[in-house]
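Let's see this in three dimensions:
(one chain, ligands or ions: 1)
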Amino acid sequence: MSAIITASGLSKSYGSFHAVKSVSFSIERGKIVGLVGPNGAGKTTVLKAILGLTSYNGKLDVLGYDPQTQRDLLMQKVCFIADVAVLPKWLKVCEAVEFVTQVHPHFNLERAKYFLNKTKINWNSKVKELSKGMVAQLHLALVMSIEAELLVLDEPTLGLDILYRKEFYNQLLAEFFDEGRSIVVTTHQIEEVENLLTDLIFIRDGEIVLDASMDEIGQKYVEVMVRREDIEKAQALNPVMEREVFGRKVFLFEGVAKDVLETLGETHSPSVADLFVAKMKERQL
Ligand SMILES: Nc1ncnc2c1ncn2[C@@H]1O[C@H](COP(=O)(O)OP(=O)(O)OP(=O)(O)O)[C@@H](O)[C@H]1O
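Below is the predicted model of the structure:
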């Protein structure tokens, strides 16, 4: 497997505040990676470093380029969506398409037409005349028509309702993603991207607290709804989290053999949201 992003000792400080604290990670081609963390954790700062939009310390290689010194070359292979509300309101749809055609060397106009013709968006409408969902469709159509190897999404569906959020990700998967491309996405709506991701990175206070593939997570983390009489046994195995569901105790374990856990009660894989809560609390102890 080839890494398309390698960060080694990546750090970013604003004055004396350390927003990103010497993190190291790598992202392989053909992966969809969720960069997840609470507000202020450092997600956007990491994305900005990847895109060459901020200075940083440490080493960063993105598609073979140094984002700080080779941003122009890098941008030919990377596409970036911040929240979808960034398109100017006065711009007409046809002007937006025209603009991207002119500024992006790898923009495929035919593809953009194909995507837009599947929507109800009128070429002569102004952005301010479109619904939020249509703006998202326009944005997505533009982005998916750029033949990029890496797509970076920072909270892409902020402000959209659940139907459009689901449609956004479904379309992205169906029309953009393939094994030659990679996606890095930050979001607070973990539940929505959970089934989309191949890999997960949790970040908190500028540090990585989990970096694993979804398969590894399925192997390593197990939740058990423990029978009343086995609660002490479960606690002795050092669960990373304990919670109550309808009066029953549910424990989350990290790296404990599944056959041992199966003797305590019903086992299943934790949701990413539950795992997130557990990892965030664990660091606060
Ligand atoms: N330009 C800046 N000047 C000073 N501090 C900054 C600047 N940009 C970010 N920070 C701080 O760095 C930390 C990380 O910010 P960042 O935007 O990367 O977080 P985030 O994980 O993307 O958060 P959110 O989910 O709220 O968008 C925060 O404490 C933020 O206040």
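
mind listing what's buried in the helix or strand harbouring Leu138?
Counting by DSSP states H and E, the secondary-structure element that holds Leu138 is helix 132-144. Of the residues in helix 132-144, those buried under the neighbour-count criterion (16 or more other C-beta atoms under 10 Å) are Gly133, Met134, Val135, Ala136, Gln137, Leu138, His139, Leu140, Ala141, Leu142, Val143, Met144. C-beta: built from backbone N, CA, C; applies to glycine.

swap in stretch 192-199?
Quick answer for stretch 192-199 (16+ other C-beta under 10 Å): Val193, Leu196, Leu197, Thr198, Asp199.

ditto for stretch 234-244
Neighbour counts using 16+ other C-beta under 10 Å place Ala234, Pro239, Val240, Met241 of stretch 234-244 among the buried residues.

nearest to Lys92, of those residues?
The shortest gap between Lys92 and any of the buried residues of stretch 234-244 belongs to Met241, at 51.3 Å (C-beta to C-beta).

So for the closest one, what's the pLDDT?
pLDDT, Met241: 91.

Pull the contacting residues for it.
Contacts of Met241 were listed using C-beta atoms under 8 Å, 6 or more residues apart in numbering, and they are Phe251, Leu252, Asp274, Val277, Ala278, Lys281, Glu282.

Would you mind putting those into CSV with distance to the ligand alongside?
Listed next are these as CSV, based on distance: C-beta to the nearest ligand atom, whole Å:
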residue, distance to the ligand
Phe251, 29
Leu252, 24
Asp274, 20
Val277, 16
Ala278, 19
Lys281, 18
Glu282, 18
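
you'd agree Ile4 is up against Ile50?
No: counting by C-beta atoms under 8 Å, Ile50 is not a contact partner of Ile4; they are 10.1 Å apart.

element containing the nearest residue to Asp205 once chain neighbours are set aside?
Among residues not flanking Asp205 along the chain, Ala41 sits closest, at 6.6 Å (C-beta to C-beta, 6 or more residues apart in numbering). Here Ala41 sits in a region with no helix or strand, counting by DSSP H and E.

can you tell me the helix or strand for the spatially most central residue of the chain?
For the chain, the residue lying nearest the average C-alpha position, counting by C-alpha atoms, centre = their mean, turns out to be Val185 (2.3 Å). Assigned by DSSP H and E, Val185 belongs to strand 182-186.

Mind giving me the packing neighbours of that strand?
Contacting strand 182-186 under the criterion 3 or more C-beta pairs under 8 Å, 6 or more residues apart in numbering; DSSP states H and E are the following elements: strand 3-14, strand 17-28, strand 32-36, helix 43-50, strand 150-154.

Output the ones you listed as TSV; include the columns mean pLDDT, distance to Leu261 and mean neighbour count.
What follows is the helices and strands packed on strand 182-186, written out as TSV (pLDDT from 0 to 100; distance: least, C-beta to C-beta, whole Å; neighbours: other C-beta atoms under 10 Å):
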stretch	mean pLDDT	distance to Leu261	mean neighbour count
strand 3-14	96	34	18
strand 17-28	96	29	17
strand 32-36	94	25	24
helix 43-50	94	32	23
strand 150-154	90	35	22
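
okay, those in TSV with distance to Ile208 next?
Rendered in TSV, the data for the helices and strands packed on strand 182-186 read as follows (distance: least, C-beta to C-beta, whole Å):
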stretch	distance to Ile208
strand 3-14	10
strand 17-28	5
strand 32-36	9
helix 43-50	9
strand 150-154	17
